[in-house]
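Colleague: fold the following for me, if possible:
(one chain, ligands or ions: 2)
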Amino acid sequence: MELIATSIKGLDEEIGGGIPKGSIILLSGTPGTYKSSVAYSMLYNAAITKNTMGIFLLLEQSMKSLLSQQERMERPMDERVQKNMIVSDVGRIRAAAEKFSTENDWMHALRSYVEYLVEKRKAELLVIDSLPVLEILSEEKNRRKFLFELFEWLRGLGTTTIMISEKKSLDMDYGEEEFLADGVFQLTLSPVGEVDLQRRIRCIKLRGMDHNTSMFALDHKNGSFRVGPAI
Ligand SMILES: Nc1ncnc2c1ncn2[C@@H]1O[C@H](COP(=O)(O)OP(=O)(O)OP(=O)(O)O)[C@@H](O)[C@H]1O
Ligand SMILES: [Mg+2]
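Modeller: Ligands and ions are numbered 1, 2, ... in the order given. Modelled structure (predicted):
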């Protein structure tokens, strides 16, 4: 089984080596817990070390704000990366999608655009940031229908997909997407003592892998994420 590195130092060993290629992974967390940065880092790492082409669909924020933060986090979009990474925000997706779809249907246009990139540019990794925003843009009133169709399409697409989802609190009920996904990683900001918060990550599900479910502290230094023991 081919495995994709998470790019988080120390985490791959804890999940059995990496994420099985072709999996649909949910990266869920509360606000500001590095959801976008972790997904970006994974694509960035694959682009640089393996020449793997990735697509980052940015539905929540502008490209400028994501790219400038990633640059400050020492992941600059240089020529080497540009070759293997397509970052598209809503404006770009709309503009590109017009070329691929004559129907005035956002999901149809987005699917056609992504299918084009997978076929023509051989994209193997896909990030959707985020699932709740995609759901809004889809205008599908029936949540179950939206999710089933989305997962069915992603399985047919064959990419390894990271879908970012939000959780106001980890005590919230699990959604349908958590059952449909092949893997679920949770990101949290947990209180440490009276004054501190620690960023943490854990893998609560990863089909096909004998993974650790413990919480790990998540740190970012010199352009890389790493896990360590949670305090
Ligand atoms: N240069 C930097 N180095 C390290 N951490 C940073 C840097 N700049 C910002 N941050 C931290 O990154 C956090 C945001 O990261 P990111 O956008 O990946 O999180 P997110 O979970 O996707 O957030 P959101 O809920 O807004 O989508 C900020 O809250 C801030 O604490
Ligand atoms: Mg984000």
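Colleague: any stretches of this protein with poor pLDDT?
Modeller: Residue ranges of the chain with pLDDT under 70: 101, 170-171.
Colleague: beta partners for the residue nearest the centre of the chain?
Modeller: Central residue of the chain (C-alpha atoms, centre = their mean): residue 162, 3.2 Å from the mean position. Applying DSSP bridges to residue 162 gives these bridge partners: residue 25, residue 127.
Colleague: any idea how far the residue lying farthest from the centre of the chain is from ligand 2?
Modeller: Distance from the centre of the chain peaks at residue 194, with 31.8 Å (C-alpha atoms, centre = their mean). Separation of residue 194 from ligand 2 (C-beta to the ion, to the nearest Å): 28 Å. Just so you know, the C-beta spots here come from the backbone N, C-alpha and C atoms, and that holds for glycine as well.
Colleague: end-to-end on stretch 150-168?
Modeller: This stretch, stretch 150-168, spans 23 Å end to end (C-alpha to C-alpha, to the nearest Å).
Colleague: scratch that, stretch 206-216 is what I was asking about
Modeller: 16 Å.
Colleague: for ligand 2, give me its nearest residue in this structure.
Modeller: residue 36 (3.2 Å; C-beta to the ion).
Colleague: near ligand 1, anything from the helix or strand hosting that residue?
Modeller: Using DSSP states H and E, the element containing residue 36 is helix 35-50. Yes - using C-beta under 6 Å from any ligand atom, helix 35-50 comes into contact with ligand 1 via 35-37.
Colleague: now the residues you listed: which count as buried?
Modeller: Neighbour-count burial (16 or more other C-beta atoms under 10 Å) applied to those gives 35-37.
Colleague: in CSV: the residues you listed, plus distance to residue 81.
Modeller: Below are these laid out as CSV (distance: C-beta to C-beta, whole Å):
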residue, distance to residue 81
35, 20
36, 16
37, 15
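Colleague: show me the contacts for residue 57.
Modeller: Listed by C-beta atoms under 8 Å, 6 or more residues apart in numbering, the contact set of residue 57 reads 88, 93, 110, 114, 126-129, 134.
Colleague: please apply the same query to residue 111.
Modeller: Counting by C-beta under 8 Å, 6+ apart, residue 111 touches residue 153.
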